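Asks: Just to be clear, the model below is a prediction. Sequence and coordinates:
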2 protein chains.
Amino acid sequence: MKIAVVGMGIIGGSYCKAIKKYTNHYVVGINRSPLPLQKAFDCGAIDKIGTVEDLSDVDLIILGIYPAAAVEFVRANGDKIKKGAIVTDTSGIKSEICQSLVDLSHKHGFTFVGVHPMAGKEKNGFDVSEADLYKNASCIIVPCGADEKAVKTVADFNLSLGFGGIKITDPEEHDRMIAFTSQLPHVLACAYVLSPNCVNHKGFSAGSYRDVSRVANINAELWSELFLENKNPLITELDILIKNINSLTAAIKKGDKKEIMSLLEKGHKIKEGLGE
Amino acid sequence: MKIAVVGMGIIGGSYCKAIKKYTNHYVVGINRSPLPLQKAFDCGAIDKIGTVEDLSDVDLIILGIYPAAAVEFVRANGDKIKKGAIVTDTSGIKSEICQSLVDLSHKHGFTFVGVHPMAGKEKNGFDVSEADLYKNASCIIVPCGADEKAVKTVADFNLSLGFGGIKITDPEEHDRMIAFTSQLPHVLACAYVLSPNCVNHKGFSAGSYRDVSRVANINAELWSELFLENKNPLITELDILIKNINSLTAAIKKGDKKEIMSLLEKGHKIKEGLGE
């Protein structure tokens, strides 16, 4: 295939590197600023430094840019996309953007398949992208009405890059689950490091501190956009979490060991039941 | 030295294995139930299956048992401890138990030095103990009035087992910091996995879920004891955390992107300032 990757950040850059490492596809890179493109070309992650004019000649377009920017990009350049091409995004939210992209796909004669690669780092940009970022990660596919053949093409393509498995879902389930598995830990990490004791943790900390605080080194621009684009599912999870922390706090304040143990046992059983 | 390790769980067992791997000290194991002692002896982690009678003949006693049990053990057997011996605990809380152990040390003529090895696992028992559990971990020492020579002996001994560094502190600072670095993440992990979406996370999750939920596979008996023995510092941290989560939640509910970004930026700066 001829593939265009739009956006040379960690996500787009890692797609380019993985494609060149694991497949024989031809890759055109497209990016707003020229520097990451030049870097990508110099290290062999892309075959061509492209422009939106190249969209008329590629079979698959991967949007490695922020959710709202992805919709904007297709709105502005949809007429250049080859009829019958497949367009996938890489966004961490779906309900808010999928319908717009499906509408644009009908208007311009391409097929949209939503994709969310479940991988990332605490750092951003092409410099931290890597060919094996997606190794063994889950690839969530949100077909949004795309035909089976297109979905299979996208699934097989992603598996060929090293993803460990495919999860097919709809935008609502995706957003509800991601609010819990990804967005909530990011809110938590930031809330956690705001404790005045955080700056003095060295020598007093180990794995527990490291794990909860890891993603606090956050991209504030991206994540505030993601939180607002997935506002309702995230608020639902936040309310559940606050309620559960409050229950544990109340039991500790009361000195009620039986109640604390009962709540901890519940958590223990859930985690153990998952085989983790 | 002749060393007695009391308790053949993950902490005591790992001490035994580390001592035999990295030093030439002689190790006597003491445990309530005989099976872990036999296992420890069979794999060479201890030189002798001991009893409390052996306390009269050892230079260093390491208490690898729960905090309240450690005090109870010394209260019951303090008269058997050799004059001039050093006793260290391994407890995750200090204010609640150190004074009792210091009092007992004066009564019976030994030296107590508080120790908290900052290492552990989500699993318990001798079977998951390992010689390198303490490799590069921080060893917190709480002298509690012990003389410099005893503190140096304990520090050098722990460094010889692979610990990465020594942090000297007092019971109050220890407990305040541990409430933040260790106890709070354990409360959080349990509260987090109580979300109804948790059991369906597979395929939708990656590092963020894994990290926040890791310690939910908790030892409810031990941690409910630790939470209550460190009640006030932990409640202070819980109140701060709830306040910070509430601030972020309120900003998300209002759809106030500027406020969300400002709070995330604060977290980002703290984490970045720590070089993490």
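Replies: Alright, I've got the coordinates. Note that the structure is predicted; figures quoted are calculated from it, not measured.
Asks: Quick check: nearest residue in space to residue A:198, chain neighbours excluded?
Replies: Take residue A:198 and drop its neighbours on the chain: the residue closest to it by CB to CB, 6 or more residues apart in numbering or on different chains is residue B:270, 5.8 Å away. Placement of C-beta: from N, CA and C, glycine included.
Asks: quick one: average confidence on stretch A:182-200?
Replies: For stretch A:182-200, the mean per-residue pLDDT is 97.
Asks: list the contacts for residue A:112?
Replies: Contacts of residue A:112 were listed using CB atoms under 8 Å, 6 or more residues apart in numbering or on different chains, and they are A:86, A:87, A:88, A:89, A:98, A:101, A:102, A:104, A:105, A:144, A:146.
Asks: Show me those residues that map onto helices.
Replies: Using DSSP state H, the subset of these located in helices is A:98, A:101, A:102, A:104, A:105.
Asks: Buried ones among the residues you listed?
Replies: A:98, A:101, A:102, A:104, A:105 (16 or more other CB atoms under 10 Å in any protein chain shown).
Asks: wait, doesn't the fourth one sit right on residue A:74?
Replies: Yes - distance between residue A:104 and residue A:74: 5.1 Å, which falls inside the contact criterion (CB atoms under 8 Å).
Asks: What strand or helix carries residue A:91?
Replies: Using DSSP states H and E, residue A:91 sits within no helix or strand.
Asks: Tell me how far it lies from residue B:171.
Replies: Going from residue A:91 to residue B:171 by CB to CB, to the nearest Å gives 49 Å.
Asks: Same drill for those two, tell me which one is more crowded.
Replies: Taking other CB atoms under 10 Å in any protein chain shown, residue A:91 and residue B:171 do not tie; residue A:91 has more neighbours (29 against 19).
Asks: Need the three-state assignment for the closest residue to residue A:240 other than its chain neighbours.
Replies: In space, and not counting its chain neighbours, residue A:240 is closest to residue B:195: 5.1 Å by CB to CB, 6+ apart. Assigned with DSSP: H, G, I helix; E, B strand; the rest coil, residue B:195 falls in the coil class.
Asks: Could you verify my assumption that residue B:195 touches residue A:237?
Replies: Yes - between residue B:195 and residue A:237 there is a contact under CB under 8 Å: 6.2 Å.
Asks: and for the two, which residues touch both?
Replies: Taking CB under 8 Å, 6+ apart as the contact rule, residue B:195 and residue A:237 both touch A:180, A:184.
Asks: So between those two, which is more surrounded?
Replies: Between residue B:195 and residue A:237, counted using other CB under 10 Å, the more crowded position is residue A:237 (25 against 21).
Asks: pretty sure that one belongs to a helix, no?
Replies: Yes - under three-state DSSP, residue A:237 falls within a helix.
Asks: Tell me the residues on the stretch 1-150 of chain A that lie near chain B, please.
Replies: Contacts of the stretch 1-150 of chain A with chain B, taken as CB under 8 Å from any CB of the partner chain, map to A:118, A:119, A:120, A:137, A:138, A:140.
Asks: For the residues you listed, give me JSON lines that also has neighbour count.
Replies: What follows is the residues of the stretch 1-150 of chain A next to chain B, written out as JSON lines (neighbours: other CB atoms under 10 Å in any protein chain shown):
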{"residue": "A:118", "neighbour count": "24"}
{"residue": "A:119", "neighbour count": "23"}
{"residue": "A:120", "neighbour count": "21"}
{"residue": "A:137", "neighbour count": "21"}
{"residue": "A:138", "neighbour count": "20"}
{"residue": "A:140", "neighbour count": "25"}
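Asks: which two in the residues you listed are spaced the farthest apart?
Replies: Greatest spatial distance among these (CB to CB): A:120 and A:140, at 13.1 Å.
Asks: From chain B, how far out is residue A:22?
Replies: Relative to chain B, residue A:22 is positioned 20 Å away (CB to the nearest CB, to the nearest Å).
Asks: check contacts around that residue.
Replies: A:131, A:160, A:161, A:162.
Asks: ditto for residue A:186
Replies: By CB under 8 Å, 6+ apart, the residues touching residue A:186 are A:215, A:218, A:223, B:208.
Asks: same thing but 10 Å
Replies: Shown in contact with residue A:186 (CB atoms under 10 Å, 6 or more residues apart in numbering or on different chains): A:92, A:214-216, A:218-219, A:223, A:226-227, A:234, B:208, B:212, B:248, B:264, B:267.
Asks: now residue A:89
Replies: Going by CB under 10 Å, 6+ apart, residue A:89 touches A:6, A:61-67, A:70-71, A:73-74, A:97-98, A:101, A:112-116, A:142.
Asks: cool, residue A:100 as well?
Replies: A:67, A:68, A:70, A:71, A:72, A:74, A:75, A:112.
Asks: and the residue most central in space within chain A, what is it in contact with?
Replies: Centroid-nearest residue in chain A: residue A:92, 4.1 Å away (criterion: CA atoms, centre = their mean). Going by CB under 10 Å, 6+ apart, residue A:92 touches A:11, A:66-67, A:116-118, A:120, A:140, A:174-175, A:178, A:182-183, A:186, A:222-223, A:225-226, A:229-230.
Asks: residue ranges with poor pLDDT in chain A?
Replies: For chain A, no stretch is flagged by pLDDT under 70.
Asks: Spell out the residue ranges of the helices in it.
Replies: Using DSSP H, the helices of chain A run over A:10-22, A:34-42, A:67-77, A:95-108, A:148-160, A:171-178, A:184-193, A:207-213, A:220-229, A:231-254, A:257-273.
Asks: could I get those helices as CSV with distance to residue A:126?
Replies: Converted to CSV, these look like this (distance: least, CB to CB, whole Å):
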stretch, distance to residue A:126
helix A:10-22, 4
helix A:34-42, 4
helix A:67-77, 16
helix A:95-108, 23
helix A:148-160, 20
helix A:171-178, 24
helix A:184-193, 22
helix A:207-213, 26
helix A:220-229, 15
helix A:231-254, 29
helix A:257-273, 37
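Asks: Which one, of the ones you listed, ends up nearest to residue B:19?
Replies: Among the helices of chain A, the nearest to residue B:19 by CB to CB is helix A:207-213 (22.9 Å).
Asks: What residues sit buried inside the closest one?
Replies: Residues A:207, A:208, A:209, A:211, A:212, A:213 are the ones in helix A:207-213 that count as buried (16+ other CB under 10 Å).
Asks: Could you do stretch A:129-137 as well?
Replies: A:129, A:130, A:131, A:133, A:134, A:137.
Asks: Tell me the one of these nearest chain B?
Replies: Nearest to chain B out of those is residue A:137 (CB to the nearest CB; 6.1 Å).
Asks: need the contact list for the residue nearest to that closest one when sequence neighbours are not counted.
Replies: Distance criterion CB to CB, 6+ apart; nearest residue to residue A:137, sequence neighbours excluded, is residue A:119 at 4.0 Å. Neighbouring residues of residue A:119 by CB under 10 Å, 6+ apart: A:10-11, A:14, A:90, A:130, A:132-139, A:162-164, B:206-207.
Asks: how deep is residue A:275 tucked in, by neighbour count?
Replies: 6.
Asks: Widest-spaced pair of the contacts of residue A:100?
Replies: Across the contacts of residue A:100, no pair lies farther apart than A:68 and A:112, at 15.8 Å, counting by CB to CB.
Asks: my read: residue A:191 touches residue A:216, true?
Replies: Yes - using CB atoms under 10 Å, residue A:191 is in contact with residue A:216, at 8.9 Å.
Asks: So which of those two has more stuff around it?
Replies: With neighbours defined as other CB under 10 Å, residue A:191 and residue A:216 compare such that residue A:216 has more, 27 against 24.
Asks: returning to what we had before: if we check chain B, which of the buried residues of helix A:207-213 are in contact?
Replies: Contacts with chain B within the buried residues of helix A:207-213, as defined by CB under 10 Å from any CB of the partner chain: A:207, A:208, A:209, A:211, A:212, A:213.
Asks: Distance check, the third one against residue A:172.
Replies: It stands for residue A:209. For residue A:209, the distance to residue A:172 (CB to CB) stands at 35 Å.
Asks: related to what we said a few turns ago, find residues that contact each of residue A:104 and residue A:74.
Replies: Common contact partners of residue A:104 and residue A:74 (CB under 10 Å, 6+ apart): A:81, A:87, A:110, A:112.
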